[in-house]
Every structure is written in structure tokens, then in C-alpha cells.
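Okay, structure incoming, though there's no sequence with it:
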């Protein structure tokens, strides 16, 4: 049983794992197999970038640091341009402070894990990263909702302004008609009074 508190997730998340060691990919896959994630693996940074370009909707990307051809930091520097909303986790077999600093500054990583890892710690860390991803998803959803509602309010306000303008114009026309009618009645009354005066005389 996991000794770390696991946060229930609202969405089914996609995870991409990149490592040049096949054994690490197998262990990761087995560890996460029963967690309900959509898992993709790549044995090189180049392959990982290709997968991201084909499907840039991953919630979490886990990459090894030391790989032939491209380091994890170099990979994440490019990956964050393709998939900016994904949480990024860097794996390494040793603690390298300079690599950590470079990973944070250049690759924009959110978490740094060293090998070997404990299963419960790994599951907890991934759960925490995906919980953050869900907060970002919810924030983006709310932001889009606010933008949509603001647009609707602007459109409604514009529509109301037009209705008020037309109603004001209509009232002004009616006022002119009433004034003309009043003037006409006044003339008729004056004429009637004049006629009655003549008759009385």
C-alpha cells in the first residue's frame, strides 16, 4: 500500500517517458501500468521530440538526463516549446547541482528525481505533478470561460446600446408627431373659438 497521500485525479493523463536504457523504460512502464495513465515511451530524445510533435497534449514528460546525442536538459529546452503546458520531470543517476540549475533555467523542469527511486515516492511525485497539471487545466478552462463571458457581455451591451438608440430615436419621432398633432389641435381650437366668437357677435 502506498504510504504517501495520493490525490484523486479528475482527468485521464498522458505521460511520455524518455530514457536510453530499455530496462528503465520497462520498470517505469510496469510501475505505472496499473495507475490508469496513457503511457508512451521513447529510447532517445530525438524520438521523444518526434512523438511530441505528433501529439503535443501530454500532461507529464519524464526524461533521463544522460542520453547519447542530447541531454535531458537539451531535450526539455526544445520540448517546452512544443508542449509548454506539460509538467517536466528530469531523471539522473547522480546529483549534479549545475545540471539541476541548468535544467530549471533552460529546460523549465518542475521536478528533479535521482536514480534509483522508491516506487511509492515515484508514484507520489507523479501524482503531485499531475495534480498541478489539473490545476493548470482548470485555470485555463476558467480563463477561457471568463473570456467567453466577457465577449458575450460586450456583445450584449452593444446590442442593448443599439436597442436603446433605436428606442430613443423612435421616442423622439413620436414626440415630434405628438408636438405636430398638438400644434394642429391648437390651431383648430383657436379657429373654433374664433368662429364661435363671430357667431356670438
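Cool, got the structure. If you're wondering where the values come from, they're calculated on a predicted model, not measured in any experiment.

pLDDT weak spots in the protein?
1-5, 94-107, 201 (pLDDT under 70).

What segments of it are helices?
22-32, 45-54, 72-82, 97-102, 119-200 (DSSP state H).

now those helices in JSON lines, with mean neighbour count and distance to residue 112?
The C-beta positions use only the backbone N, C-alpha and C, and glycine is treated the same way. Converted to JSON lines, the helices of the chain look like this (neighbours: other C-beta atoms under 10 Å; distance: least, C-beta to C-beta, whole Å):
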{"stretch": "helix 22-32", "mean neighbour count": "14", "distance to residue 112": "16"}
{"stretch": "helix 45-54", "mean neighbour count": "18", "distance to residue 112": "17"}
{"stretch": "helix 72-82", "mean neighbour count": "21", "distance to residue 112": "10"}
{"stretch": "helix 97-102", "mean neighbour count": "13", "distance to residue 112": "5"}
{"stretch": "helix 119-200", "mean neighbour count": "12", "distance to residue 112": "10"}
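
can you list the ones you listed in JSON lines and add distance to residue 110?
Converted to JSON lines, the helices of the chain look like this (distance: least, C-beta to C-beta, whole Å):
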{"stretch": "helix 22-32", "distance to residue 110": "17"}
{"stretch": "helix 45-54", "distance to residue 110": "16"}
{"stretch": "helix 72-82", "distance to residue 110": "10"}
{"stretch": "helix 97-102", "distance to residue 110": "12"}
{"stretch": "helix 119-200", "distance to residue 110": "6"}
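
Tell me which of those helices lies nearest to residue 108.
helix 72-82 (4.8 Å; C-beta to C-beta).

just how off-centre is that closest one within its chain?
Here helix 72-82 is found 21 Å from its chain centre; the criterion is C-alpha atoms, centre = their mean, to the nearest Å.

what does stretch 184-196 give?
Relative to where its chain is centred, stretch 184-196 has its mean C-alpha point 74 Å off (C-alpha atoms, centre = their mean).

begin at 558 from here
All right, first residue 558 from here; so that's stretch 741-753.

which one of the helices of the chain lies closest to residue 596?
helix 579-589 (5.9 Å).

Kindly calculate the angle that the closest one makes with helix 676-757.
60 degrees (axes from the mean of the first three to the mean of the last three C-alpha atoms, to 10 degrees).

for helix 579-589, packing partners?
strand 571-575, strand 595-599, helix 676-757 (3 or more C-beta pairs under 8 Å, 6 or more residues apart in numbering; DSSP states H and E).

Quick test: name the residue nearest the centre of this protein.
Against the mean C-alpha coordinate of the chain, by C-alpha atoms, centre = their mean, the closest residue is residue 697 at 2.4 Å.

With that, I have no additional questions.
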